[in-house]
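[1] coordinates only, sequence not included:
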């Protein structure tokens, strides 16, 4: 199941979209206010966002921009305007696609599937089982023999570095806290003093020419985000 964060204040449309998508491979979480969407985005960690522009509490363009500042998650905007203003403005704020209202559910479904195909790494396993491959631009992680290739050259990583890179890559486009990273890697909780994650992140950045922290981003006060579009 893919998680969809639907930000829409039209109750009838929201019910129609939720019911239709829930009949397929989507689990829908509905938010009706723009100012509530950002907080719910953090806790729900959606695979894709469907965002109306005219919202109470906070304008949809602002919501789009703020989500894009912290995540590479696909964003599809719903717009009632037929001119190009919303589309141009939305693209500048980080949106990936648009659907005009009134929405035809089957068209929305097709657009969501197309966005997920384009934005998810090819051959990426949905879990961390060995044998699969994760490919992001010039980065390739081969689970079968735990090897990593960067720009067609073998990249030598320690066991800890490999585990951390794999955990981040499997959650590409989502912010992972230090607590989540430690639990996934070692089964322990972050005590506020353990700097092993930060040190390992620094080592990975050096090995992958990430001096500007664009590939593995720091989201202050929250954790780290593996950007799937930056590995070229």
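    Happy to help now that I have it. All values reported here derive from a predicted model rather than from experimental measurement.

[2] Going by C-alpha atoms from here, please, whenever you check contacts or count neighbours.
    OK.

[3] Sort out which residues of stretch 177-188 are buried, please.
    177, 178, 179, 180, 181, 182 (16 or more other Cα atoms under 10 Å).

[4] thought the second one was touching residue 197?
    Yes: using Cα atoms under 8 Å, residue 178 and residue 197 qualify as a contacting pair, with a distance of 6.8 Å.

[5] what domains does the record give for the chain?
    What automatic domain parsing lists as the domains of the chain is 2-119, 133-226.

[6] export those to JSON lines and tack on mean pLDDT?
    Below are those laid out as JSON lines (pLDDT from 0 to 100):
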{"stretch": "domain 2-119", "mean pLDDT": "87"}
{"stretch": "domain 133-226", "mean pLDDT": "85"}
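
[7] Among the ones you listed, which comes closest to residue 232?
    Between residue 232 and the domains of the chain, the tightest spacing by Cα to Cα is seen for domain 133-226, at 4.8 Å.

[8] before we move on, back to that, if you look at the buried residues of stretch 177-188, which of them are in helices?
    Among these, the members falling in helices are 178, 179, 180, 181, 182 (criterion: DSSP state H).

[9] and the gap between the second one and residue 111?
    Applying Cα to Cα, to the nearest Å, the value for residue 179 to residue 111 is 35 Å.

[10] Show me what the helix or strand harbouring residue 135 is packed against.
    Assigned by DSSP states H and E, residue 135 belongs to strand 133-136. On a contact count with 3 or more Cα pairs under 8 Å, 6 or more residues apart in numbering; DSSP states H and E, strand 133-136 meets strand 139-142.

[11] Tell me the first helix or strand C-terminal of the strand it packs on.
    Assigned by DSSP H and E, the successor of strand 139-142 is strand 147-150.

[12] Surely residue 71 is in contact with residue 214?
    No: the criterion here is Cα under 8 Å, and residue 71 misses it with residue 214 at 11.6 Å.

[13] Where do the strands of the chain begin and end?
    2-7, 26-31, 48-52, 75-79, 97-100, 133-136, 139-142, 147-150, 153-155, 175-176, 216-219, 223-226 (DSSP state E).

[14] Go through those strands and pick out the most buried.
    strand 48-52 (a mean of 25; mean count of other Cα atoms under 10 Å).

[15] So in this protein, which helix runs the longest?
    Max-length helix for the chain by DSSP H is helix 105-119.

[16] Run the chain-centre distance for that helix.
    Centre-to-centre, helix 105-119 and its host chain are 15 Å apart (Cα atoms, centre = their mean, to the nearest Å).

[17] mind listing what's buried in that helix?
    Buried, per 16+ other Cα under 10 Å, within helix 105-119: 105, 108, 109, 111, 112, 115, 119.
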